[in-house]
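task: produce atomic coordinates for the following.
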Amino acid sequence: MANQQKNQDWNKYEETIEKFIQVIAKNMSLYGITASVGRLYGVLYFSDEPMTLDDMRDALEMSKTSMSTGVRALSEMKMVEPAYKKGVRKDLYKSEEDWYKSFTSLFGNRWRHHTETNIEEADEAIEELGKLARITDDENLKEKIQKDIDRLEYAKNYYQWLMKFIRVVESGKIFDYIPRGDHDKQE
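Next comes the predicted model:
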């Protein structure tokens, strides 16, 4: 009877962890990360030991190629890092457990690229509309172009403000304004 209760307890534990791994995977989609890569991160996060690609494949029932691609993506986002264990020849990986650090890196990388692109697109549109305004004889079109250039300048100012915000997040200064939680791991 004691063994049966022990098994039930372990099953409940595994269900609870699996449920939370699903939550991690779902939330990571907000940052453009696939659910399978999110699950991979969750499995690594709850693993007490670094894992090989084979370990991950067995845990997630995915191909080794998918695991490799997922680990590479997580590494680029600084959410997974190589680990070393004496006597183990295969590559080992562990999760970055500082979620604040992971968030600032992930947020910065994703938002910086899109925001820089938006600024460039606004500049190009302003330039093209300016050229058109200089050559057209249509006064109504000139008036419309000027209103739209004003809108584009407003958008560009917003994106420039957003770049300042991104720099505050990336530098870690965000924590001066919004302190990390009480139970965070100190570096």
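
okay, CA-based contacts and neighbour counts for the rest of this
OK.

and A122, how far from V43?
Separation of A122 from V43 (CA to CA, to the nearest Å): 42 Å.

with E61 instead?
Between E61 and V43 the computed distance is 12 Å (CA to CA).

how about S102: what's its closest non-neighbour residue?
Nearest residue to S102 in three dimensions, chain neighbours excluded: M79, at 5.6 Å (CA to CA, 6 or more residues apart in numbering).

hmm, the one you found is touching S95, no?
Yes. Here M79 lies in contact with S95, judged by CA atoms under 8 Å, at a distance of 5.9 Å.

anything in contact with each of those two?
Common neighbours of M79 and S95, using CA atoms under 8 Å, 6 or more residues apart in numbering, are Y41.

which one's more surrounded, the two?
Taking other CA atoms under 10 Å, M79 and S95 do not tie; S95 has more neighbours (27 against 24).

is the residue sitting furthest away from the middle of the chain in a helix, a strand, or coil?
Largest separation from the mean C-alpha position in the chain: D137, at 48.5 Å (CA atoms, centre = their mean). Classification of D137 using DSSP: H, G, I helix; E, B strand; the rest coil returns coil.

need phi/psi at it.
D137 adopts backbone torsions of phi -100, psi -10, taken as degrees, to the nearest 10.

and the gap between it and E143?
According to CA to CA, D137 and E143 sit 11 Å apart.

all helices of this protein, in order?
Taking DSSP state H to define them, one finds helices in the chain at 2-28, 35-46, 53-60, 64-76, 99-135, 139-171, 174-177.

buried ones in the fourth one?
For helix 64-76, burial by neighbour count (16 or more other CA atoms under 10 Å) applies to 67-68, 70-71, 74-75.

as JSON lines, these with distance to I126 would be great.
What follows is the buried residues of helix 64-76, written out as JSON lines (distance: CA to CA, whole Å):
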{"residue": "M67", "distance to I126": "44"}
{"residue": "S68", "distance to I126": "43"}
{"residue": "G70", "distance to I126": "40"}
{"residue": "V71", "distance to I126": "41"}
{"residue": "L74", "distance to I126": "37"}
{"residue": "S75", "distance to I126": "38"}
